[in-house]
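A.B. asks: task: produce atomic coordinates for the following.
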Amino acid sequence: MTPFADSSRLRLLYELGCAFAARVELDELVALVVRKCREVLDAEGAAVLLLDSERQELYFPYVADEDPAVAARLRQLRFPADQGIAGAVVRDGRPLRVDDVASDPRFYRGVDRHSGLTTRNVLTVPLTAQQGVIGVLQVLNHRSGAFTDDDLAFLDALGGSVAVAIENARIHAQLKQQVAALEQAVHEHNELVALHRELDIARDIQQSILPRHFPAFPERRDFDIFAAMIPAREVGGDFYDFFLIDDERLGFVIGDVSGKGVPAAIFMAVSRTLLKSTALEGRAPDACLQNVNRLLCLDNRAEMFVTVFYGILNTRTGAMTYCNGGHNPPCVLRRSGAVEPLPGTGDTVLGAFDTLPYHAAQATLFPGDSIFLYTDGVTEAMDSAGIQFSEARLRRVLRDGHAVHPEGVVRAVVQAVNRHAHTVAQSDDITVLCVKRAGETGARRTATALTVANQLGELERVSSTVEALGLRHGVPAKMRFEIRLALDEVLTNVIEYAFVDAGEHAIEVRLAVADNLVTVEIEDDGRPFNPLEVPRPDLARPVEERPIGGLGVHLVRQVMNGLAYRRERGKNILTLTKRFIGEAHDGDLGE
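C.D. replies: Numbering: from 1, shown residues only. Okay, here's the model as predicted:
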């Protein structure tokens, strides 16, 4: 018998379908699911347990049990999310059937002890939403014996629909709360305190609606992604998003709403929600933007508009389809170091003209290539003389950091913009997103890590390690020398100037070779120092007229392809990259 051959089960699916179609409130819908699961599976009890991700606890918002007192006690109960059979399903994301809980070491007896239950057997299935497992659906104590695999399969199928309903309701409730809060703030805008409140709410919406947890897809090795949004004092309407449409297609988007403050934040929230819901239907980028444009134009009394770039990357083949609705052209960072602006599709902003068609274009990200998206807050950032950061400066930064992972690229661009603006207040949101396709599978990779003391005598050991690693991977002799030269310069500066005391300090040196790329990371716990902020020396001036310093960093820039800095966990981390074309090992030539 299949999991759905039982007429009572088919009837339950029909009833749920009607409830979904009628947009029944979430509490009523889930309570119906729990009650019917208990009846259809001939069980004594059923419950939905949801995950409180902040407290890392599971709790029982929905319970159906033969004993009302037990159900009431369960609704008051919380327990650690890593405990019990439910905790195992949350952790692993796989359904479980346990016929005898007393003999299962995963069983958490605390629930029975505090609720008065006596659990004998149990079915538990995950509730999996876009961002992962949000809880479990659980049925316990079969009245006439044990549950079957068909029971588990039926419950697992039902759990998928329940998870979608819960997640959609959460998003809907959050948006309703945010819009209600914004509307309240608009009514109070004549008072100064209300103005500050509006801006705070707008900033909170802008930040809370964007994905901010990285790595965003830790289980994926075929691509990497990172994004950041630095809001201006006067909040604008920048946003970004990314999501998996299926196992092979990654959708990514960036947008910039016209205007500032609360209206821009509301329009941004609506635009982002419409775009994501349409994109997850699997529509092509041009069809997606055309539909969102039509919806935004229906009741756009504020006459606002939004620029949008939406792309879909096939992470297996590298084929990319995209549509650009009046947004800044993204840059493709080739593995070779070339930076190429992505051709536009000739389309205009969304929200202005409801009948305009939109068009798609294609490109390819080869293994090791990246695509970098940004808003005009990057290129139009001004210094004290009114000079913009410009696309030319952006491309220069991207060329220097093309071989770095997406987080490194994003941080390098943001740091470069901040250095350019210096003391000038940020006038627009700065929003950036970078997607990198992984290098070719099967590429030979070697990684070596050294811990060296802050003593100049350690330089020889580091140099020998670099030489041996380079020989093993066919790095040409000239490039091996340049890498050793750059590393010697950096380490000498760290040893002599980084530390405020005379004590011993450990310096971490990490070396990796893969896909014809040498990557070196130097990590120290010295005083904060970003070498990228050191002015480039004016080599045209006589030596005696030049200010002291800067030549070492200039040398490193000259001999390496990429240079990136970040400060993490109280430590300086400098990343150097050098691309090479392999040659025969020197040992093969008789050295």
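
A.B. asks: so what's the closest residue to Gly160 other than its chain neighbours up against?
C.D. replies: Once flanking residues are discounted, Gly160 sits nearest to Thr128: 7.0 Å by C-beta to C-beta, 6 or more residues apart in numbering. No exception for glycine: its C-beta is placed from N, CA and C like everyone else's. By C-beta atoms under 8 Å, 6 or more residues apart in numbering, Thr128 lies in contact with 93, 134, 159-160, 163.

A.B. asks: just grab the bridge partners of Thr128 for me.
C.D. replies: Val133 (DSSP bridges).

A.B. asks: make a PyMOL selection of the buried ones in the contacts of Thr128.
C.D. replies: Applied in PyMOL, the following selects the buried portion of the contacts of Thr128 according to 16 or more other C-beta atoms under 10 Å:
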select buried, resi 134+159+163
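
A.B. asks: which one of the contacts of Thr128 is nearest Leu123?
C.D. replies: Gly159 (10.1 Å; C-beta to C-beta).

A.B. asks: now the closest one: phi and psi?
C.D. replies: For Gly159, the backbone dihedrals (degrees, to the nearest 10) come out as phi -60, psi -30.

A.B. asks: thought it was touching Leu137?
C.D. replies: Yes. At 4.5 Å, Gly159 counts as touching Leu137 under the criterion of C-beta atoms under 8 Å.

A.B. asks: any common contacting residues for those two?
C.D. replies: Common neighbours of Gly159 and Leu137 (C-beta under 8 Å, 6+ apart) are 125, 127.

A.B. asks: give the next helix or strand downstream of the helix or strand of the chain with the lowest mean pLDDT.
C.D. replies: Within the chain, no helix or strand scores below helix 192-208, which has a mean of 58 by mean pLDDT, DSSP states H and E. Using DSSP states H and E, the helix or strand that follows helix 192-208 towards the C-terminus is strand 223-230.

A.B. asks: related to what we said a few turns ago, return the member of the contacts of Thr128 nearest to Ala512.
C.D. replies: Out of the contacts of Thr128, the member with the shortest distance to Ala512 (by C-beta to C-beta) is Gly93, at 31.1 Å.

A.B. asks: domain parsing of the protein, as residue ranges.
C.D. replies: As given by automatic domain parsing, the domain ranges for the chain are 7-165, 200-437, 445-589.

A.B. asks: can you redo these as CSV with distance to Leu182?
C.D. replies: Output for those, formatted as CSV (distance: least, C-beta to C-beta, whole Å):
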stretch, distance to Leu182
domain 7-165, 23
domain 200-437, 5
domain 445-589, 35
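
A.B. asks: nearest to Gln177, out of these?
C.D. replies: domain 200-437 (10.0 Å).

A.B. asks: low-confidence ranges, the stretch 201-350 of the chain, go.
C.D. replies: Within the stretch 201-350 of the chain, the segments meeting pLDDT under 70 span 201-208, 233-236.

A.B. asks: mind listing what Gly344 touches?
C.D. replies: Listed by C-beta under 8 Å, 6+ apart, the contact partners of Gly344 are 324, 329, 361.

A.B. asks: again, only this time at 10 Å
C.D. replies: 309, 322-330, 359, 361 (C-beta atoms under 10 Å, 6 or more residues apart in numbering).

A.B. asks: mean neighbour count, the domains of the chain: which tops it?
C.D. replies: Greatest average neighbour count among the domains of the chain goes to domain 200-437 (a mean of 19), per mean count of other C-beta atoms under 10 Å.

A.B. asks: what distance separates that one from the centre of its chain?
C.D. replies: Relative to the centre of its chain, domain 200-437 is centred 13 Å away, using C-alpha atoms, centre = their mean, to the nearest Å.

A.B. asks: sec struct for Ala47, please.
C.D. replies: The assignment at Ala47 comes out as strand when based on DSSP: H, G, I helix; E, B strand; the rest coil.

A.B. asks: which non-adjacent residue is nearest it?
C.D. replies: Nearest non-adjacent residue to Ala47, counting by C-beta to C-beta, 6+ apart: Val63, 4.5 Å away.

A.B. asks: how near is the one you found to Leu140?
C.D. replies: 11 Å (C-beta to C-beta, to the nearest Å).

A.B. asks: could you pull up phi and psi at Val111?
C.D. replies: Torsion angles, degrees, to the nearest 10, at Val111: phi -70, psi -50.

A.B. asks: contact partners for it?
C.D. replies: 47, 49, 58, 60, 73-74, 77, 79, 83-86, 117, 119, 140.

A.B. asks: circling back to that earlier point, please verify my assumption that the residue nearest to Ala47 contacts Arg75.
C.D. replies: Yes. Taking contacts as C-beta atoms under 10 Å, Val63 lies within contact range of Arg75: 5.8 Å.

A.B. asks: for the stretch 301-450 of the chain, what spans make up the helices?
C.D. replies: Using DSSP state H, counting those that start in this stretch, the helices of the stretch 301-450 of the chain run over 376-379, 390-400, 406-421.

A.B. asks: can you redo the ones you listed as a markdown table with mean pLDDT?
C.D. replies: Compiled in a markdown table, those are given as follows (pLDDT from 0 to 100):
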| stretch | mean pLDDT |
| --- | --- |
| helix 376-379 | 94 |
| helix 390-400 | 90 |
| helix 406-421 | 91 |
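
A.B. asks: gap between the two ends of stretch 230-239?
C.D. replies: 10 Å (C-alpha to C-alpha, to the nearest Å).

A.B. asks: before we move on, what about stretch 386-405?
C.D. replies: Span of stretch 386-405 from end to end, C-alpha to C-alpha: 32 Å.

A.B. asks: and if you look at stretch 470-483?
C.D. replies: End to end - C-alpha to C-alpha - stretch 470-483 spans 9 Å.

A.B. asks: what about the stretch 51-200 of the chain, any weak spots by pLDDT?
C.D. replies: 185-200.

A.B. asks: how about the helices in it?
C.D. replies: 68-75, 84-92, 110-115, 149-187, 192-208.

A.B. asks: mind listing what Asp104 touches?
C.D. replies: 84-85, 88, 96, 98, 121-122.
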